[in-house]
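> Sharing a sequence plus its predicted fold:
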Amino acid sequence: MRRPFALALVLSLATPACAQQPAPAQNVEAPAAERAPPVYNYRIVATYPHDPRAYTQGLVFLDGQLYESTGQVGQSTIRRVNIADGRVVQSVSIPADKFGEGIVDWGDQIISITWQGGTGYRWDRASLRRLSEWAYVGEGWGLTRNGSDIIMSDGTPELRFLDPATLAERRRVTVTLQGQPVPNLNELEWIHGEVFANIWQTGFIYRIDPADGRVTGIIDLRPLAAENTTGTDNVLNGIAYDQAGDRLFVTGKNWSRLYEIDLVPAAVAR
């Protein structure tokens, strides 16, 4: 019987030896921002087919299915996918002049953003019919949600917190690793009160405290990314969490596989 994902997260309370630093003199504990966060490896629980033509930009698990957004001008889609066999059950195109980016569910809608177009869309979740559009300043990269906000990344070290009803910006948080800003925050997922973020062009996912933006953990998926990445663009990108089943899924742009994984502190990984 596999260890549930929730238990793997509980292990985050123990910092692995490889991430510890010497204590300062006189037994005074160093500020949290000065310590390296714990590092996690992974175990593959299951592997599923994934459309290798899907330039994955956003991924959501909901009601037993995946909702996925894909990118590239003239090829961007919002789609519903059968997770077991990777079959695209339903797909609609984003306007042809736009480059699709992240998505998130809110109520009976899917909300999406585009890269440099400054335009986002609301879609009916059941039919994938486009309902309306909205505007924002800057680029759009990733989306997720907590219980009260839509959370958006834009390629900078900042996360925007938006009002779900109006999509007006409420506040921003700067993401930092040991006090240094972290750029290239890409696809996002909300898991156990933290924001998980793909870091573009790397094999890492960062766990982020949404209150102050501190990176609280680093998930090292570089071996998985190296196994699947071809060229410079087909990188790790796509995080989805099944809350009811307590399952974590990851994939990448044009990857032929979707992975269900467990997190394992690096010090005890096998």
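The structure has been received and is ready for your questions.
> Show me where the stretch 51-200 of the chain dips below the pLDDT cut-off.
Scanning the stretch 51-200 of the chain for pLDDT under 70 picks out nothing.
> residue boundaries of the helices in it?
Taking DSSP state H, counting those that start in this stretch as the criterion, the stretch 51-200 of the chain carries no helices.
> May I have the beta-bridge partners of residue 240?
When bridges are called by DSSP bridges, residue 240 pairs up with residue 249.
> who are the neighbours in contact with it?
59-61, 66, 189, 248-250 (C-beta atoms under 8 Å, 6 or more residues apart in numbering). (Each C-beta comes from the backbone N, C-alpha and C, glycine too.)
> now with 6 Å?
The neighbours of residue 240, taking C-beta atoms under 6 Å, 6 or more residues apart in numbering as the test, are 59-61, 249.
> of all those, which comes closest to residue 124?
residue 60 (14.8 Å; C-beta to C-beta).
> distance of the closest one from residue 229?
Residue 60 is 23 Å from residue 229, where distance means C-beta to C-beta, to the nearest Å.
> Likewise for residue 117?
Noted for residue 117: a distance of 26 Å to residue 229, by C-beta to C-beta.
> again, but for residue 77
22 Å.
> Helix, strand, or coil at residue 225?
helix (DSSP: H, G, I helix; E, B strand; the rest coil).
> hey, what's residue 198 bridged with?
In beta-bridge terms (that is, DSSP bridges), residue 198 pairs with residue 205.
> Now for it, how many residues are close by?
30 (other C-beta atoms under 10 Å).
> Check residue 247 too.
Per other C-beta under 10 Å, the neighbour tally for residue 247 reads 18.
> Kindly report the same for residue 107.
9.
> Check the one 3 residues further on too.
Residues within reach of residue 110, counting by other C-beta under 10 Å, total 27.
> quick one on the thing from earlier: just checking, which of the contacts of residue 240 belong to strands?
59-61, 249 (DSSP state E).
> May I ask which two of those residues are separated the most?
Largest separation among the ones in strands among the contacts of residue 240 by C-beta to C-beta: 60 and 249, giving 10.0 Å.
> For residue 123, list each beta-bridge partner.
Bridge pairing for residue 123 - DSSP bridges - gives residue 110, residue 130.
> ok so, going back, most neighbours of all the ones in strands among the contacts of residue 240, which one?
Neighbour-wise, the ones in strands among the contacts of residue 240 (other C-beta under 10 Å) top out at residue 59, 28 neighbours.
> any idea how far that residue is from residue 242?
11 Å.
> Same check on residue 226?
To residue 242, residue 226 is 26 Å away according to C-beta to C-beta.
> where do the strands sit along the stretch 151-270 of the chain?
Counting by DSSP state E, counting those that start in this stretch, the stretch 151-270 of the chain has strands at residues 158-162, 169-174, 176-177, 180-181, 185-191, 194-199, 204-208, 215-220, 236-242, 247-252, 257-265.
> Let me have the ones you listed in a markdown table, adding distance to residue 46 as columns.
Conversion of these to a markdown table gives the following (distance: least, C-beta to C-beta, whole Å):
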| stretch | distance to residue 46 |
| --- | --- |
| strand 158-162 | 30 |
| strand 169-174 | 33 |
| strand 176-177 | 31 |
| strand 180-181 | 36 |
| strand 185-191 | 18 |
| strand 194-199 | 19 |
| strand 204-208 | 18 |
| strand 215-220 | 18 |
| strand 236-242 | 12 |
| strand 247-252 | 9 |
| strand 257-265 | 4 |
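> Is the residue lying closest to residue 212 once chain neighbours are set aside bridged to anything, and to what?
Computed as C-beta to C-beta, 6 or more residues apart in numbering, the closest residue to residue 212 that is not its neighbour in sequence is residue 173, at 6.9 Å. Judged by DSSP bridges, the bridge partners of residue 173 are residue 159.
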